[in-house]
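A.B. asks: Everything below, folded, please.
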Amino acid sequence: MTNLYIIDTHPLLWYLDGNAHLGYQARSILANPSSRFWLPVIALAEAFFILEKRRNQFSTTQSELTETIKADPRIRIVALGQRVLEQTLDCKIIDEMHDRQIVATAMLAPKAGFEIAIITRDGNITDSGLVPVIW
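C.D. replies: Predicted coordinates:
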């Protein structure tokens with residue numbers, strides 16, 4: 001049974017916006033008060049970038065995103081460190097570097113004693129088979 005979820009960029013934004021693109025299972029997990037999340041800093045950085053560039057597509061602002069994350073004790077922001085960077089070398093099947101870093105973060109979680117799944121709709125991550133995915 002999964003006890004930790006890694007949040008990808010778009011599910012994070014879609015959840016905060018109440019967007020219908022978010023899968024039912026992903027929405028349920030994100031709404032569950034007992035769920036625990038790691039948010040890779042690269043996913044957060046990408047969310048800020050998307051909100052900056054496409055601010056008319058989302059009702060959430062960068063400051064609201066920041067405040068929501070700070071206020072949610074279920075979310076831990078995970079830094080991009082040496083171990084994550086080295087783990088990306090095992091993720092070459094994934095095309096985009098930021099997605100590799102998100103998957104690498106997930107791949108390291110079991111070494112810390114967690115059973116994980118990534119909340120994502122990203123086809124490249126899903127098709128890689130490197131980590132369990134929930135949508």
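
A.B. asks: in the protein, which spans are helices?
C.D. replies: Under the criterion DSSP state H, the chain contains helices at 9-17, 24-31, 41-53, 62-71, 82-87, 97-108, 123-128.

A.B. asks: nearest to residue 3, of those?
C.D. replies: Nearest to residue 3, of all the helices of the chain, is helix 24-31, at 11.5 Å by C-beta to C-beta. Where C-beta positions appear, they are placed from N, C-alpha and C, glycine not excepted.

A.B. asks: which parts of the closest one are buried?
C.D. replies: Of the residues in helix 24-31, 26-27, 29-30 count as buried by neighbour count, 16 or more other C-beta atoms under 10 Å.

A.B. asks: That helix vs helix 9-17, what angle?
C.D. replies: Per axes from the mean of the first three to the mean of the last three C-alpha atoms, to 10 degrees, the angle that helix 24-31 makes with helix 9-17 is 70 degrees.

A.B. asks: Might you report the residue contacts of the residue lying closest to residue 25 once chain neighbours are set aside?
C.D. replies: Spatial nearest neighbour of residue 25, chain neighbours left out: residue 134 (5.5 Å); criterion: C-beta to C-beta, 6 or more residues apart in numbering. For residue 134, the contact set (C-beta atoms under 8 Å, 6 or more residues apart in numbering) comprises 2, 5, 23, 25-26, 29, 117-120.

A.B. asks: ok, now residue 78?
C.D. replies: Per C-beta under 8 Å, 6+ apart, neighbours of residue 78: 38-41, 84, 105.
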